[in-house]
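Engineer: Sequence and predicted model, in that order:
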Amino acid sequence: MPAAVLGLDIGTTSVKAVVVARAGKVLGEGSSDPITTTTPTSGASEQDPADLWAAVVAAVQRALSSLEQGVSLAGLAMAAQSGSVVPVAGDRVVGPVVTWMDMRALSIIEGFSPEQRSLVRRVSGWTPSAGLGLATIAWLRSQAMAEAPPERFAGVDSFIAHRLTGEWVTNPSNAAGFQLMDVLRLEWDGELCALAGIEPAVLVPIAATGCRIGGVQPAAAAVLGLPPGLPVFAGGHDQACAAVALGITEPGAMMLSAGTAWVLTAATDSADVAALADSLNLSPHAVAGRWTTSRHLGGIGAVIAGWLRTAYERPDELESDLTGFGPTSTTPAFLPNLLDSGGAGLGRFVPAPGDTSRAERSWAVLEAAAFSVRQAVEAITSTTEPVTSLTVIGGGSRPAVLRTLADATGLVISVPRHASWPALGAAQVAATALGWEFSPAWAAPGGTDLVEPRADIIGGRYAAYRRLIEGRLSEGGAP
């Protein structure tokens, strides 16, 4: 029987599963229905743990149902969102998952002293952020669950690992999103935990990516349709696993995940936090001896989707508008609102668009997104090797978006075709743990498209955009 591995992608909006043969061929795939996120109070973003597990069950069952007879699974690993907090008492989850999008702990971050902010940055490699483990745990202990604090705090990856194996465990790249781990030692840090009001012992153990954490328990196996005892290996953060699948493992390699939010990630062999631009975060890679630098660019995908809904009856009209288009002297700039916290809209055109065409306004929206990427690329490459191409994945990779990215950054845009690179990366983690050799089929199972930049189409617009952004920051606005 052909041997295969199962890779899971535990996302914020859905779960995906892929079954990959030893030679690298994708044998089966499945995806869950959307996972419900609720907002019970202003700034909240919560999910029901039962919904997350149901999504895993649905994705795995659908992937397995697409297989031909005779496939033998040898192991599984998962990629997962990072920073979301699952409160636990004993072996029971005792509250909703507080996702990384939750902003109720913003006051915790705003109350940090300069010395505390410096501590978080220096030790964890991350800039303090509401919605991630440190701030969320501090907020839960001081407000939402002050009368009965949980005995333990886990992440989404740990919760699913426990449902599969009975073990509570995480991995370095997922632990990084909690902002409570020393990014050099890959251990929970006492000083950071003290900021959250906890001891390191209330967090789950950190196991190296690829480490065997247990076997699938009989009850879970029966529900999922998996063989009991199937080895489960520690995986990684979804971005890190996607980077593994795409070969983003050496300095100079870079990828853009273009979903609702856009995240730029590059591989590095240096863990020198002090050398990084303040806008960048440092995390362990899912590959030993490597780290990733990343920049969260905000809800760029949501802004583009909002513009499409506002300006077009059909999304394909954008392509008609922008095929062969280049900016003119009348094309405005666009300042996107990436932190829409009060109905402020998608952003604003500068100057006001007046009688400009819809194509010019659409160009301005996509150009602003591309310029945000260019700024982040420059920040990352200031401390790493230069890059000549950018790998782009995610649902936001429309042809017009890709052409604008290439024009605005001057980089060749590489677009590998597949639905879930994090799940493929998780499958590769499991295959590596099993000692499998890799063929070229693992690299790009759906093929790759390339988008070349057009010469001199941007002119001085990037410099003008930078001046606008700097003026916005000086006025106290969001970048």
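Structural biologist: Structure's in. What do you need? Computed from a prediction, not measured in an experiment: that's the story for all the values here.
Engineer: Any idea how many residues pack against A54?
Structural biologist: Neighbours of A54 under the rule other Cβ atoms under 10 Å: 16. In short, each C-beta sits where N, CA and C put it, glycine included.
Engineer: right, I mislabeled it, should have said W53
Structural biologist: Under the neighbour criterion other Cβ under 10 Å, W53 is assigned a count of 18.
Engineer: before we move on, what about S420?
Structural biologist: Around S420 there are 29 other residues, counting by other Cβ under 10 Å.
Engineer: Can you give me every residue that contacts it?
Structural biologist: Listed by Cβ atoms under 8 Å, 6 or more residues apart in numbering, the contact set of S420 reads D9, K16, V18, E29, S31.
Engineer: So what sits opposite the third one in the bridge?
Structural biologist: In this structure, V18 has the following beta-bridge partners (DSSP bridges): G7, E29.
Engineer: my read: it touches G7, true?
Structural biologist: Yes: V18 lies in contact with G7 (Cβ atoms under 8 Å); the separation is 4.9 Å.
Engineer: what touches both of these two?
Structural biologist: A423, L424, A427.
Engineer: just to revisit the earlier point, just the contacts of S420 now: which is nearest V85?
Structural biologist: Closest approach between the contacts of S420 and V85, by Cβ to Cβ: D9, at 19.7 Å.
Engineer: For the closest one, what is the enclosing helix or strand?
Structural biologist: strand 3-10 (DSSP states H and E).
Engineer: who does that strand touch, helix- and strand-wise?
Structural biologist: If you count contacts as 3 or more Cβ pairs under 8 Å, 6 or more residues apart in numbering; DSSP states H and E, strand 3-10 packs onto strand 15-21, helix 49-65, strand 72-80, helix 156-165, helix 238-246, helix 421-433.
Engineer: Kindly export it (C-alpha atoms) in PDB.
Structural biologist: Extracted in PDB, the C-alpha atoms of strand 3-10 (Å, rounded to 0.1, in the frame of the first residue of the first chain):
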ATOM      1  CA  ALA A   3       2.600   5.300   2.300                       C
ATOM      2  CA  ALA A   4       1.400   8.800   2.900                       C
ATOM      3  CA  VAL A   5       1.300  11.600   5.600                       C
ATOM      4  CA  LEU A   6      -1.500  13.900   6.700                       C
ATOM      5  CA  GLY A   7      -0.900  17.600   7.000                       C
ATOM      6  CA  LEU A   8      -3.400  19.900   8.800                       C
ATOM      7  CA  ASP A   9      -3.700  23.700   8.600                       C
ATOM      8  CA  ILE A  10      -5.700  25.000  11.600                       C
END
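Engineer: how big is the angle separating that strand from helix 49-65?
Structural biologist: With axes from the mean of the first three to the mean of the last three Cα atoms, to 10 degrees defining the directions, strand 3-10 sits at 150 degrees from helix 49-65.
Engineer: May I see the buried residues of strand 3-10?
Structural biologist: A4, V5, L6, G7, L8, D9, I10 (16 or more other Cβ atoms under 10 Å).
Engineer: pLDDT on the helix or strand harbouring W363, on average?
Structural biologist: Here W363, judged by DSSP H and E, is contained in helix 358-381. Averaged across helix 358-381, pLDDT comes to 93.
Engineer: Tell me the first helix or strand C-terminal of it.
Structural biologist: By DSSP H and E, the next helix or strand past helix 358-381 is strand 389-393.
Engineer: which residues touch that next one?
Structural biologist: Contact with strand 389-393 is made by 242, 246, 248, 253-258, 373, 377, 402, 405, 409, 411-416, 418, 421, as judged by Cβ under 8 Å, 6+ apart.
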